[in-house]
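okay, here's the prediction I keep looking at, along with the sequence it came from:
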Amino acid sequence: MRRLLIASAAGPELSAAAVAAWAQAGVELVDGGELFADDDDTGERSAAGRAARGGEPMLLVLPPGGARASAALARGFADFGVEIAGLVLTGGADAAAVERLAGMPVVRDLDDVARLHALAAAPAKRGEVYLVGAGPGAPDLLTLRAVKLIRRADVALFDRLARSPVMDLIPAHAERIYVGKRPGAHALTQVQISALMVKLAQEGKRVLRLKGGDPFLFGRGGEEAEALAEAGVPFEVCPGVTAASGAAASALIPLTHRDHSQACVFVTGQGKDGPSGLDWPALIRANQTVAIYMGLAQLDALMAEFVAHGAPPDTPAAIVDNATRIHERVIVGTIASLGAAAAAAALKGPAIVFIGSVATLRAKLLAEAG
């Protein structure tokens, strides 16, 4: 028998007939209590908190109000991480309008036996996947949309760049699966990760794929989105602050500047063909900034390629390790000196490398900032 929490602002009143009708429809009604409790910091006693934390679907009894206000309230609970099984109207709002605006089934009252049967017979919820960018590291750089999607998760697939306290936002009931990759050490292959997301979504689960930075910028989000689309799985992509932007802002290295750089190029140091596969003539052009993602492991080879393709050895360069986190480290030098300096500092990553004269601005900005 399906179990539903019910809750309303005034506390739902269940008649014996309503309880019997729901039971006949295969649903056990459970009084979830008040929507929110003023003295309930943990959310354990409030219906909304219990539904969000325990993954239990909730039947929401809406207070009197117009269709738009009722739908907005319902969507707000969904964003809080609550699975809404259905809405019960207590006022004069148009049921069809509320159902259309909220995208959720509506019951006029708890004694609407015919509607209860239809609701109970509805197919199980359809699974979906959220490809969410967790940003460069600092939890307060998450977008509001990312927080909402994280709170909806039934299961979370996360990598090594998505760390606590961001992980603390995942609901307590959600299963957590580590799928991280390090150079030469992958928990799962990319094909396996995509297949796992499809499988979990097809089981009706809301799957959170939590990634460092932005999913569509060297995060393999495009490959995962392709796999989901091919399997017919609904998905949403939530952008995150990419590592280059986060690291540049935190380290006071502007990506562009009218006196230094009129272009910015993002490249990866872990491409399929390694450093030799990059477009080196384009990368050594003057008046631009090159941001190299995942370049720490190949740093010496990358810097050697810059020199080999004609970049002056004294070209300014910088590396930002663990950007935006409390243990962030920044090294500024040249393409000739950066590899040795990074090795001496025993940087562990994740790290991003910047090439260009904008790297020289860090010292000036630090001095002028006091």
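Nice, I can see it.

point to the residue nearest the middle of this protein.
V132 (2.6 Å; Cα atoms, centre = their mean).

residues touching that residue, list them.
With contact set as Cβ atoms under 8 Å, 6 or more residues apart in numbering, V132 has these partners: 146, 149-150, 208-211, 215, 238, 240. Every C-beta, even on glycine, is put in place using the N, C-alpha and C of the backbone.

the domain parsing of the chain - what is it?
The record, using automatic domain parsing to delimit domains, assigns the chain the ranges 2-120, 128-241, 244-369.

so what's the residue nearest to the centre of the chain closest to, chain neighbours aside?
C238 (4.4 Å; Cβ to Cβ, 6 or more residues apart in numbering).

in helices only, show me the contacts of V132.
Using DSSP state H, 146, 149-150 are the members of the contacts of V132 that sit in helices.

mind listing the helices for the stretch 51-200 of the chain?
Assigned by DSSP state H, counting those that start in this stretch, the stretch 51-200 of the chain shows helices spanning 67-79, 95-102, 113-120, 144-152, 190-202.

for V330, which of these is the nearest?
helix 144-152 (25.9 Å; Cβ to Cβ).

wait, a helix at V267?
No. Secondary structure of V267 (DSSP: H, G, I helix; E, B strand; the rest coil): strand, not part of a helix.

count of neighbours near it?
21 (other Cβ atoms under 10 Å).

and what of V191?
10.

cool, and the one 3 residues further on?
Neighbours of S194 under the rule other Cβ under 10 Å: 22.

and the residue nearest to the centre of the chain, what pLDDT?
pLDDT for V132: 96.

still on that earlier bit, any idea which of the domains of the chain scores lowest on pLDDT?
domain 2-120 (a mean of 63).

which residues are contacting stretch 275-290?
255-256, 260-265, 267, 269, 271, 298, 301-302, 305-306, 309-311, 353-356, 358.

could you flag which of the residues you listed are buried?
By neighbour count, with 16 or more other Cβ atoms under 10 Å, these hold 255, 260-261, 264-265, 267, 269, 298, 302, 305-306, 311, 353-356, 358 as buried.

so which of those residues belong to strands?
264-265, 267, 353-355 (DSSP state E).

ok so, going back, report the contact partners of the residue nearest to V132.
130-133, 143, 145-146, 149, 215.

before we move on, the earlier item: could the contacts of V132 go into TSV alongside distance to A69?
As requested, the contacts of V132 are arranged in TSV below (distance: Cβ to Cβ, whole Å):
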residue	distance to A69
A146	26
L149	24
I150	26
L208	29
R209	33
L210	33
K211	36
P215	34
C238	26
G240	32
